[in-house]
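Colleague: how does the following fold in three dimensions:
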Amino acid sequence: MDSIDTKKSSIDYSVIDRPEILQFMFYPRIDWVPPPPGAIDYSISVGEGVSISCRFFICSRDSPSILYFHGNGEVVSDYNWTAPLYHQEGINLFVADYRGYGSSTGFPTFSDMIRDAHTVFDSFRQLLYSEGYSRNQYVMGRSLGSHSAVEIASHYQNHIQGLILESGFAGISRLVERLSHVEDYSRLKDTETAHLEKIRSISLPVLVIHGDCDELVPPIHATHFYDTVGAEDKRLVTIPGAGHNDIMMIGKEQYFNAIREFISDAW
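Modeller: Numbers count the residues shown, from 1 in each chain. Predicted coordinates:
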């Protein structure tokens, strides 16, 4: 396998790790149910005494694989029912938790989430290579997970075929706005500027899916990301009548048609 530089983000996200932000950003839940047939659990070490739980829902070795970062109230076992929908499209799904979620250890912060994404991606990629899976690889983020997915897409553009965001808010402007009262607000603004530059640096194919009735993450966030990202091949798919947590149920056909066509074209 060709080596990759798993350097960490050059952006200092620790300035966001404040109680007034973390309390609404993360809803850690310790929960585990057995994997369904054909799925395998993995535990990835991300630091001394800290590990991230992941679940690989396998379709076939010849299938494209998606590294998936989920929303802030979910755990990998929640995807036991979702993964078969990806299998119907011939896609392997590798879902990663965050610190304090599922059977992971530790406590989640924004900066750790971003750092851990690099280690998870490296382990994901090594697994695919060692087990003889297709090198047709993508990264996807839903809601909070869009931040991890964007981090990976911006750093490893030569090693993945595309980025998919669903119901995401990949910018950090609304986080910064909540901290307008802090003393080092100028440092926060510098972080926000660097974050936008990171999004602009992404040139690989991008698919953005969002519900037009999403009240938790309004559709303007999808439009803003679409307008900001530097990719020439970018697509914005809006699901009519869909909110934040029912987008797949309401727009199942449109949702998976978009993913199937995106992967087919990107590869």
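
Colleague: so which strand or helix has Arg235?
Modeller: Element membership for Arg235 (DSSP states H and E) is strand 234-239.

Colleague: tell me where the stretch 51-200 of the chain has strands.
Modeller: Under the criterion DSSP state E, counting those that start in this stretch, the stretch 51-200 of the chain contains strands at 65-69, 92-96, 137-142, 162-166.

Colleague: ok so, going back, pull up the pairing partners for the strand holding Arg235, direction included.
Modeller: Looking at strand 234-239 with DSSP bridges, its partner strands are strand 206-211 (parallel).

Colleague: distance between the ends of stretch 234-250?
Modeller: Terminal residues of stretch 234-250 lie 23 Å apart, using C-alpha to C-alpha, to the nearest Å.

Colleague: brain fart, stretch 222-240
Modeller: Distance across stretch 222-240, first residue to last, is 14 Å (C-alpha to C-alpha).

Colleague: figure out how far it is from the centre of its chain.
Modeller: Relative to its chain's centre, stretch 222-240 lies at 16 Å (C-alpha atoms, centre = their mean, to the nearest Å).

Colleague: which other residues reach it?
Modeller: Contact with stretch 222-240 is made by 146, 163, 165, 168, 170-171, 196, 199-212, 219, 247, 250-251, 254-255, 258, 262, 265-266, as judged by C-beta atoms under 8 Å, 6 or more residues apart in numbering. Backbone N, C-alpha and C define where each C-beta goes, glycine included.

Colleague: what about those residues, which are in helices?
Modeller: Members of the contacts of stretch 222-240 lying in helices (criterion: DSSP state H): 146, 196, 199-200, 247, 250, 254-255, 258, 262, 265-266.

Colleague: give me the helices and strands touching the longest helix anywhere in the chain, please.
Modeller: Using DSSP H, we find that the single longest helix of the chain is helix 110-130. Applying 3 or more C-beta pairs under 8 Å, 6 or more residues apart in numbering; DSSP states H and E, we find helix 110-130 packed against helix 19-25, strand 39-47, strand 50-57, strand 65-69, strand 92-96, strand 137-142, helix 145-155.

Colleague: now those in CSV, with distance to Pro84 and mean pLDDT?
Modeller: Converted to CSV, the helices and strands packed on helix 110-130 look like this (distance: least, C-beta to C-beta, whole Å; pLDDT from 0 to 100):
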stretch, distance to Pro84, mean pLDDT
helix 19-25, 30, 89
strand 39-47, 10, 97
strand 50-57, 8, 98
strand 65-69, 14, 99
strand 92-96, 9, 99
strand 137-142, 16, 98
helix 145-155, 20, 97
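
Colleague: want to throw the ones you listed into a markdown table with distance to Ser103?
Modeller: Formatted as a markdown table, these follow (distance: least, C-beta to C-beta, whole Å):
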| stretch | distance to Ser103 |
| --- | --- |
| helix 19-25 | 21 |
| strand 39-47 | 7 |
| strand 50-57 | 4 |
| strand 65-69 | 17 |
| strand 92-96 | 12 |
| strand 137-142 | 20 |
| helix 145-155 | 18 |
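
Colleague: list of residues touching the lowest-mean-pLDDT helix or strand in the chain?
Modeller: Lowest by mean pLDDT, DSSP states H and E among the helices and strands of the chain is helix 173-177, with a mean of 72. Identification of contacts with helix 173-177 by C-beta under 8 Å, 6+ apart yields 16, 21, 25, 110, 188-189, 191-192.
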